[in-house]
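J.: Output the structure for:
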Amino acid sequence: MANAREIQDRMRSIKDTMKITNAMYMVSSSKLQKARKDLVNTEPYFYLIQDSLAKILNIAPDAGSRYFDQRGYKSKSQKKIGYLVITADKGLAGAYNHNVIKAAEELTRNEEQDMLFVVGQVGKHYFEKRNIPIDINFNYTAQNPSMNRARRIAEILLDLFLDGELDEIDVIYTKMVNSMTVEPVISKLLPLKEERIQIRDKNNYYEHAQFMPDAKTVFDSIVPCYVAGFIYGALIESYCCEHNARMAAMQTATDAASDMLRQLNMQYNRARQAAITQEITEVIAGSKAQKKS
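T.: Numbering: from 1, shown residues only. Prediction:
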């Protein structure tokens, strides 16, 4: 059994760790609230973009046909698919990184012709360690998701799709089902699907609109914003899930540390009582020895 001083040192170490876990919990809570607020503030803009695309298609169904090209002349095995995998830059977030990487690894395991795009240092180090080639690594995006970074990613992916280097682009990220549940999802980014582009605003003012120079040009100028908005939403959603998972992990660590402190406190009290009992026994024994002498 450890002595009282050793137990005190261990308790002091656990208390220092609890300060760190509590601080990380508070930081993640603050970042989570900010990210949710940013997402809510930008949603009306992207809904308006989606409405605009849907109403243009309602008037000119052939506009933007190249973005809806399913490449039906190619078999499934011939299609080149690009995967945008969104992970975190740091660990200590429970199974957040593991779940999304596992989903990505299952898809990219046997497809040498596919392309892999990674957001986040955790995913980068994982794939590099297993000699899985990464075509583009988007640095400094996971911890600072912004519209500018989303536009840059969208521009690269759109160029690859329109140039025929990729036939399909999927985004693998983590979606928050509710405040307690998150799950990795795989969403098709390109080609676009008309059933996804739905009209939310039922006003019919687009029926008499004129597009300059034409509907196709207007559609082509809006699509990059729509794709960037989709990617931005995935980045923010993943960012929220990361900090939600980190908050849960830090809370679990804090609770476990509290349990350890309670157990150590009981051990410390036993050790202290044993030491006091030993001292009393020694004093009594010494007193009896003096009386006998």
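
J.: What ranges does this structure have for its helices?
T.: Listed in chain order, the helices found in the chain under DSSP state H are 4-59, 96-108, 121-129, 147-162, 215-292.

J.: roughly how far is the third one from the heart of the chain?
T.: Offset of helix 121-129 from its chain centre (Cα atoms, centre = their mean, to the nearest Å): 15 Å.

J.: Helix 96-108 and that helix, what's the angle between them?
T.: Taking axes from the mean of the first three to the mean of the last three Cα atoms, to 10 degrees, one finds that helix 121-129 is oriented at 40 degrees with respect to helix 96-108.

J.: who touches helix 121-129?
T.: When contacts are defined by Cβ atoms under 8 Å, 6 or more residues apart in numbering, helix 121-129 is touched by residues 85-91, 97, 100-101, 104, 116, 118, 133-134, 137, 139, 142. All C-beta atoms are positioned from the backbone trio N, CA, C, and that covers glycine.

J.: got any ranges where this structure has weak pLDDT?
T.: Under the criterion of pLDDT under 70, the regions of the chain flagged as low confidence span 1-2, 109-112, 179, 199-209, 293.

J.: At the geometric centre of it, which residue do we find?
T.: The chain has Ser238 as the residue nearest its centroid, 3.0 Å off, counting by Cα atoms, centre = their mean.

J.: was I right about that one contacting Thr174?
T.: Yes. With contacts counted by Cβ atoms under 8 Å, Ser238 reaches Thr174, the gap being 5.0 Å.

J.: Quick one: residues contacting Thr87.
T.: When contacts are counted by Cβ under 8 Å, 6+ apart, Thr87 is found next to 97, 100-101, 118-124, 126, 142, 238.

J.: Show me how far stretch 52-72 is from its chain's centre.
T.: Computed by Cα atoms, centre = their mean, the chain-centroid distance of stretch 52-72 equals 31 Å.

J.: Mutual contacts of Ser238 and Thr174, please.
T.: Listed contacts common to Ser238 and Thr174 are Ile86, Val100; contacts here mean Cβ under 8 Å, 6+ apart.

J.: about what we covered before: next one: the residue nearest to the centre of the chain from Gly120, what distance?
T.: Counting by Cβ to Cβ, to the nearest Å, the separation of Ser238 from Gly120 is 8 Å.

J.: So for the two, which residues contact both of them?
T.: By the contact definition Cβ under 8 Å, 6+ apart, Ser238 and Gly120 are jointly contacted by Ile86, Thr87, Ala88, Ala142.

J.: So which of those are in strands?
T.: Assignment to strands by DSSP state E places the following of the shared contacts of Ser238 and Gly120 there: Ile86.

J.: got CSV for the shared contacts of Ser238 and Gly120, with distance to Met18 too?
T.: Output for the shared contacts of Ser238 and Gly120, formatted as CSV (distance: Cβ to Cβ, whole Å):
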residue, distance to Met18
Ile86, 31
Thr87, 28
Ala88, 23
Ala142, 27
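
J.: Name the nearest of the shared contacts of Ser238 and Gly120 relative to Leu48.
T.: In terms of Cβ to Cβ, no member of the shared contacts of Ser238 and Gly120 lies closer to Leu48 than Ile86, at 24.7 Å.

J.: The closest one - how many residues pack around it?
T.: 29 (other Cβ atoms under 10 Å).

J.: try Arg10
T.: Counted with other Cβ under 10 Å, the neighbours of Arg10 add up to 16.

J.: I'd say it and Leu264 touch.
T.: Yes. Counting by Cβ under 8 Å, Arg10 touches Leu264, with 6.1 Å between them.
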